[in-house]
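In: Predicted model and sequence follow; I will ask about them next.
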Amino acid sequence: MSFPSAAIRLICRSGCTNGVGRVGPDEEVRTVLESVGLGELAPRFAAEDVDATLLWSLEDGDLRDLGLTLGQRKKLLERLKAGRSAADRESGTALPEPEFRRITVLFSDLVGYTELTQRLDPDDMRGLLQRYHAAARDAARQHGGFIASVQGDGVVMLFGFPTAQTASAERAIGAAHAVLARLRGLQHRLASGETIDLEARVGIASGKAIVGFGPDYAGGEPQMVGPVINRAARLQATAPPGGVVVDEATRALAAAAFAFDALPEAALKGFGQKVPVALALPQGVPPGPPRSIDPAIPSAHEAERGRLAEAWRAARPPQPAMVLLSGEAGIGKSTLVAQFAAELRGAGAQVKRLSCMALSANVPLRPVIDLLDTLLGTAADSAVKVRFEQLERLFAWATPAERSAVAVLMGLGGVVPGGVTATQLDRRLLLSTLARFLMQSEAAALLVVVEDVHWADATTRELLAACADTACETPVMLLATSREAEDPVWRAESGPLQVPLSPVTEDAARRVLAHHLAGRDLPEAINEAIVTRSAGNPLMLEALARWAHDWTVAQPGQEFEVPDSIYESISARLDALPSGRKVTAALSVFDEPTEERVLAATLGMTAADLGPALAELARARIIERRGGSAAASVRFSHSLYREVAYERLVKSAREGLHRSAFAALTRSHADLARQRPGHLAWHAHEGGDHASAAPLAVAAGEQALQRSALMEATHFLRQAEMSIERMGEGEKTDPLRLRVLIAQSSISRARLGIASEEAGRLGREVLELAQKLRETRSELIALTGLYTHALVRAEYAAAGKWAGLLHAKAEQAQDRTFRMIGRRGMGVVALHTGALAEAALALQEALDSYDEAQHLPLAHSHGYDHAEISSAFLSYALWISGDPVGGLAASEFSVSHSRRIRHHHSLAQALIFRSMLLLVAGDWQQCLAAAQECAELGRRHDLGVMRSAGGFFVMGVQLLMREAPPAAAEYAALNQKLADFRRMNPYNYQQVIGIVLAQLYLRSGSPAEADAALQQSEAVQNRTRETFLEPELMRLRAQILRASGEEGAARDALAAALQVAEKMGARMLALRIACDMAEADPSAETLARLAAARRKLTSQDEGWDLMRCQALLPAVTPG
C-alpha cells in the first residue's frame, strides 16, 4: 500500500510559516522532525536557532523549553539517541562494549559499481559515492539505523544497535526502500555534463550477533561477528537491481507491516543448504480484520476487564469516555481489548479500530489511512473512481470541501469535482472531518480502539485529541493501549481513566498455560517452572508453552528466547541506562535475590562504589532493593530483565562474571557448598571451572534425588557429566562418574520405567565401572538394578540369575542389606512364575529384614523403597494363596509406608500395584481411588509408567463400574490409553489388562472381542511364563465359551482352571472358580467343592469373592 507523499507533506507543514526575517528551518532538522511525525515543529526550532550542529545534543529539558509535549519529547529523544553514534565517536562518549544482540542487518551495494570505477576518474567517483552515502545516512536517521561500515559502495546498516528499538526488521526494510527511492530521484551529473542514474541492491537479515566497540576501538567500525552479518551480504548479491531481498527471519518479523513476494530458495555462498528468501515490497500490508480471539482462551485480567466494562456503562453523550490501557510488551493489552471489543460487538455496538505500528511515526495519519483503505478497498483491488465513489458514500454527511480534503489524503484528489487539488488541502478542516468520522456511529453505541498509541505520529495524536473534544450523539468510548503508563494521548481536563495491566496471578497464568498446551500433560515441575519464568506475562506463557513441546526434562535455566517484542522493549530500557549496565550484567548471572556485598565483590567494587548505580537502577524500576545495610539485597523487579540482560552477555564476559560470583559466594558463605551445592555448581560450570563444578553438581543431583526431585536431579547430573567430560578420564573423574551413573540409573527407573532400555544400559555401565574400581557396594547396587530390569521386562530366567548373583555376592561381602534385597528378588521371581508359597516365604523374610533407618536411603539410589516393593509383591502372594486379610493389609502398608517416607516413585508404585490387586479382587471403588492417585502422581512428577498405567486403569474401572456398556468412542479412548501403557510397559502384567478388557467386552455382549483380548494376554503369558494369574485367565476363558453358547466346553475349561489353581496353591482363585461352577450347576457336588475351597483359605474378609460364596452357601457356617 503506497501513500500520497505530497498530501502527507502538506498535512505536516500546512499552517507552518517562517518568522519574519528568519531563514527557513535547517533541512537536516526538518528531516529528523519529519521522521517522527513532528515536521510542523521545524519553524519553532529555527526560531530558536537550533540547527543540525545543536540538534543531536538536545536533552529532555531543552525540548521542554521548546514547548514539546511529553509524547513529542519521548519520540524525538528516541530518534536523537539512535542518531548520535557519529557524535559519540568524536566526543569520546562511552560506547557499548561487545554484546550479543538481536539485530537486523542491512547490506547495500551499488549496481555496476566495478564498471563505474573503471570508466570514471576518482574525483567523479568520489562525488557519486558521497551522494550515495548521504542517501544511506538520511535513510538511517529517518528509520533509526546505525551506519556500522562504509567500504566503497558497500554500506552496512544495523538496526537494534547501539540502542535497541522496537520493530528493527520493519525499520530496516523501510530504510532500504528509502535509500532506493532517494537514488531513483538522483541523477548524478559529472563535470563533463554526463548524467548517471544510481541504483542499488539491498539484502537484509535478522538474527543474533556480537556487536560493540572493543578496548582497541580508535574511532573505527564496531566489531560485528555472527552469521547474520554475512547472510545480509550474501542476500544482497541475490537481489535484483532496485530490489530488497530478506531472509526468513526478517520476513517473519516484518510480516505485519510489509508485503513480500516469495523467491526460489537461494544457495548463499558459505551457508550450505539453500535457504528461503523473499523480495520485500515497498507497499505496506493493508490492515486485516479485527483480531480474532479464541473464545476458549481464559481471561487473564478479569479485574481490568471489569473496569473497562464499568467505563463503557458510564459513557454518556455529549462527551466520550476515555480510557488508557497501559502495560509492558506481551502483558495482554491486545488480547484484553479484542475480547472486550468482541463482547460489545456481539451486544450490537459498533467498533472502529485504529492500529499504530512502529513505522507509523514516519507517515502522518497512517492508522486512519489504513482504516479508510479497509473501508474503501485498497488501490490494488479497486479503481480510483470506485474508491472515490465509496468515499462519497462513507462521507455523505460531510460538505464537499470536507470530502475533498479526505479524498486528497487518500490520493484521490485527481478526480475530485470542482478541480480541488492537493495544494488546497486545509489541515484543520481535514482533522475536524476525520474526527467527526471516527466519532459517528451507525449503532446505538460506539467503541473506538487505538492500539499501540505509543507508536502514533504527532498528527494522529492531534486527531485523537480532536476526537476527545468532539461532541457525540450516542455513547462513545475511546480506548487506547500504550506501553507508556502516562501516555498523553488525550489532553482532556479530567484526563482518561488509567487502567494499568499488571502481571497475571499464578492461577490465571496456569489457566492460560493450560490453554496453550492444548491438552498436553506436562509434569508439574515443568508447569511450575514455566509459570515462574513467565513472571505473569501472557506472551511469555504462550512462547514458553510452544517451547515446552520440545522439553523432555524440566531443566533449571533451560535455554529459551524471550519473544522479540518483549526483548526489544526491555533492551531499549537497558540501553538507556547511563551507568548501570555493568551492574545489570553482573546481577543477571545470579538469577535470584543477591546480597549487595556479594554483587559488589563480583564486580570488584566496594559497596559504596556500587551504591550510585543501584540507586539509578532502582529509580528506573529495573531493580528492587530490600533489607538494611548489613543484609541489603537486590533483585530484578521483573525476571524478564534478567532474561534479556543474561542473553546479551558474550561468552568471555559471562564466564568471567560467573567465576567472580563463585569466588564472592564461597568467600562470603563458607557452608554454601554443603547447603546449596547446585547454586555454586552452576557458577563454577558456567565460569569454566569444571574441577570445582563436577563434585558440586554430583552432590546437588544426589540431594535432589533424595527429595524425589527427579527433573532437578537430572539437570545437575547432566551438568556434572559435561564438567567430567571436560576434565577427561582418570582417577579423579572415575569415582565421580560412578556416582553420576548410579544416580542416573535411579532416575531412569523412576521416569522411564524399570524395563526401559536406558535403565538396562545404565545398570550395565554401573556394574562395569564398579568392578573396575572394586567398589563392592556399587557393584551390589548395579546387580540389584539389573535384576529388577530383567524382572520388569518379564525375563524371569535372567531375573533369577541376577538375583542369585546378588545374593551370593552379598553373602560373600557379608552385606546384610543386599542379602535382604537378593532374597526379595528370589521371592518376586517365584511369585511371577506361580510358586506362591516360596514367594510368600522369601518376601516375608525380606520384609522382616528391613530397617528404615538403615535402608531408607536405598529408595533414592534404587528408585523405590525396599519395604514398599516387598510388601506390594507380598500382598499378591498372600491374597492369591488364600489370605485376603493379610494380602490387603500388606497392600495398605505399602501405600501408607510410602506416603510416610514421602518418596514419590515408591508411593506411585505402591498405588498401581494396589489398584491392580483390588481390580483382581473385585473391589472396583478402592481400585479406582488408588489408580486416580497414581495417575496424578505420575503426571506431577513425570513418572511415565505410573501416569500411563493409572490412566488406563482409571478409565477401565470407571467403565466396569457403570451399568451401561461402553460406547464405540469410549472403547477407542480406552484403547489409546492402553497403547500408552503398553508403550511404557510392554512386558508384564498383561494378564490384568486382559481381565479388564475381557470383562468389558463380555458385558457389551461381544464374546469375540473378549476372546481376542484374552488371547493377547495368554500369548504374553505363554511367552514370558508369568503365570501367577493363569487360573483367572482360564476362568474368563470359560465365561467367553459360555457366552458363545458352548456350555460343555465352558464346564471343561472351569475344571481345568480349578486344577491349575489347586496345583499352584492359588486358593483364592480356586474359590472364585468354584463359585462359577456352583452358579452354573448348584448341585450337591459343586456346593461341597465350594465349601471345601472356602475351608482351605487362611483368612476370610468381606470382599466380593467371600460375599459371593456366602450367598451360594447360606446354610454353611464360615470357617
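Out: Cool, the structure landed.
In: make it CA atoms for all contacts and neighbour counts henceforth
Out: Will do.
In: residues touching the nearest residue to residue 1004 once chain neighbours are set aside, list them.
Out: With sequence-adjacent residues excluded and distances taken as Cα to Cα, 6 or more residues apart in numbering, residue 1004 is closest to residue 965, at 5.1 Å. Neighbouring residues of residue 965 by Cα atoms under 8 Å, 6 or more residues apart in numbering: 959, 1000, 1003-1004.
In: Tell me the pLDDT of residue 965.
Out: Looking at residue 965, its pLDDT stands at 91.
In: Now do the host helix or strand of residue 908: everything it contacts.
Out: Using DSSP states H and E, residue 908 falls within helix 904-921. By Cα under 8 Å, 6+ apart, the residues outside helix 904-921 that reach it are 708, 750, 859, 863-865, 868-869, 872, 876, 891-892, 894-895, 898-899, 924, 926-931, 933-935, 937-938, 941, 943, 946, 949-950, 953, 957, 992, 995, 1103-1105.
In: could you flag which of those are buried?
Out: 708, 750, 859, 863-865, 868-869, 872, 876, 891-892, 894-895, 898-899, 924, 927-928, 930-931, 933-935, 937-938, 941, 943, 946, 949-950, 953, 957, 992, 995, 1105 (16 or more other Cα atoms under 10 Å).
In: quick one, strands of the stretch 601-750 of the chain?
Out: 623-626, 633-636 (DSSP state E, counting those that start in this stretch).
In: I'd like those as CSV, with distance to residue 139 appended.
Out: Formatted as CSV, the strands of the stretch 601-750 of the chain follow (distance: least, Cα to Cα, whole Å):
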stretch, distance to residue 139
strand 623-626, 36
strand 633-636, 37
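In: how about the ones you listed, which one is nearest residue 814?
Out: Shortest separation from residue 814 across those is recorded for strand 633-636, at 53.7 Å, computed as Cα to Cα.
In: Only C-alpha atoms, please: export the closest one in PDB.
Out: Taking C-alpha atoms only, strand 633-636 is exported to PDB below (Å, rounded to 0.1, in the frame of the first residue of the first chain):
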ATOM      1  CA  SER A 633      19.800  -7.500  48.900                       C
ATOM      2  CA  VAL A 634      19.000  -6.600  45.300                       C
ATOM      3  CA  ARG A 635      16.900  -8.300  42.600                       C
ATOM      4  CA  PHE A 636      15.500  -7.500  39.200                       C
END
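In: Each with direction, which strands does that strand pair with?
Out: strand 594-595 (antiparallel), strand 623-626 (antiparallel) (DSSP bridges).
In: Distance from the helix holding residue 908 to the middle of the chain?
Out: Distance, stretch centre to chain centre, for helix 904-921: 34 Å (Cα atoms, centre = their mean, to the nearest Å).
In: got it, and stretch 833-851?
Out: 49 Å.
In: Now it: buried residues?
Out: Within stretch 833-851, the residues that count as buried by 16+ other Cα under 10 Å are 833-847, 849-850.
In: I would like the residues contacting that stretch, please.
Out: With Cα under 8 Å, 6+ apart, stretch 833-851 has contacts from 796, 820-821, 823-824, 826-831, 866-867, 870-871, 873-874, 877-878, 880-881, 1025-1029, 1064-1066.
In: Then stretch 657-670?
Out: Contacts of stretch 657-670 (Cα under 8 Å, 6+ apart): 586, 589-590, 598-599, 601-603, 672-673, 680, 683-684, 686-689.
In: measure residue 79 to residue 1085 for me?
Out: 102 Å (Cα to Cα, to the nearest Å).
In: So between these two, which is more surrounded?
Out: residue 79 (22 against 12; other Cα atoms under 10 Å).
In: which element is that one on?
Out: Following DSSP H and E, one finds residue 79 within helix 70-82.
In: Might you specify the subset of the contacts of stretch 833-851 located within helices?
Out: 796, 820-821, 823-824, 826-831, 866-867, 870-871, 873-874, 877-878, 880, 1064 (DSSP state H).
In: Which other helices and strands does the helix or strand hosting residue 983 contact?
Out: Using DSSP H and E, residue 983 sits within helix 968-984. When contacts are defined as 3 or more Cα pairs under 8 Å, 6 or more residues apart in numbering; DSSP states H and E, helix 968-984 packs onto helix 944-961.
In: Residues contacting the helix it packs on, please?
Out: With Cα under 8 Å, 6+ apart, helix 944-961 has contacts from 751-753, 908-909, 912, 915, 919, 924, 927-928, 931-939, 965-966, 974, 977-978, 980-981, 984-985, 996-997, 999-1000.
In: any weak-confidence spans in the stretch 451-600 of the chain?
Out: Scanning the stretch 451-600 of the chain for pLDDT under 70 picks out 491-495, 546-560.
In: residue boundaries of the strands in it?
Out: 476-482, 497-500, 594-595.
In: Let me know which of these is tucked in deepest.
Out: Among the strands of the stretch 451-600 of the chain, the stretch with the highest mean neighbour count (mean count of other Cα atoms under 10 Å) is strand 476-482, at a mean of 25.
In: for that strand, packing partners?
Out: strand 321-326, strand 446-451.
In: at 10 Å what do you get?
Out: For strand 476-482, the elements it packs on are helix 302-314, strand 321-326, helix 333-346, strand 350-355, helix 427-439, strand 446-451, helix 458-469, strand 497-500, judged by 3 or more Cα pairs under 10 Å, 6 or more residues apart in numbering; DSSP states H and E.
In: Please report how far residue 1017 lies from residue 1031.
Out: 13 Å.
In: By neighbour count, which of the contacts of residue 965 wins?
Out: Highest count within the contacts of residue 965 by other Cα under 10 Å belongs to residue 1000, 23 neighbours.
In: right, and that residue touches residue 1011 too?
Out: No: counting by Cα atoms under 10 Å, residue 1000 stays clear of residue 1011, with 11.4 Å between them.
In: tell me, what's touching the two both at once?
Out: residue 994 (Cα atoms under 10 Å, 6 or more residues apart in numbering).
In: mind saving the C-alpha coords of the next helix or strand along the chain from the helix holding residue 908 as CSV?
Out: Downstream of helix 904-921, the next assigned helix or strand under DSSP H and E is helix 924-941. Below are the C-alpha coordinates for helix 924-941, written out as CSV (Å, rounded to 0.1, in the frame of the first residue of the first chain):
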residue,chain,number,x,y,z
TRP,A,924,-13.5,-51.5,42.0
GLN,A,925,-14.3,-48.5,44.1
GLN,A,926,-11.0,-48.7,46.0
CYS,A,927,-9.2,-49.7,42.9
LEU,A,928,-10.4,-46.5,41.2
ALA,A,929,-9.2,-44.3,44.0
ALA,A,930,-5.7,-45.9,44.0
ALA,A,931,-5.4,-45.6,40.2
GLN,A,932,-6.5,-42.0,40.2
GLU,A,933,-3.9,-41.0,42.8
CYS,A,934,-1.2,-43.0,40.9
ALA,A,935,-2.0,-41.2,37.6
GLU,A,936,-1.9,-37.8,39.3
LEU,A,937,1.5,-38.6,40.9
GLY,A,938,2.8,-39.8,37.6
ARG,A,939,1.6,-36.6,35.9
ARG,A,940,3.0,-34.3,38.6
HIS,A,941,6.5,-35.9,38.8
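In: I'd like the average pLDDT over helix 924-941.
Out: 93.
In: Could you double-check that residue 736 sits in contact with residue 722?
Out: No: in this structure, residue 736 is not within contact of residue 722 by Cα under 10 Å, at 11.9 Å.
In: No more questions from me, cheers.
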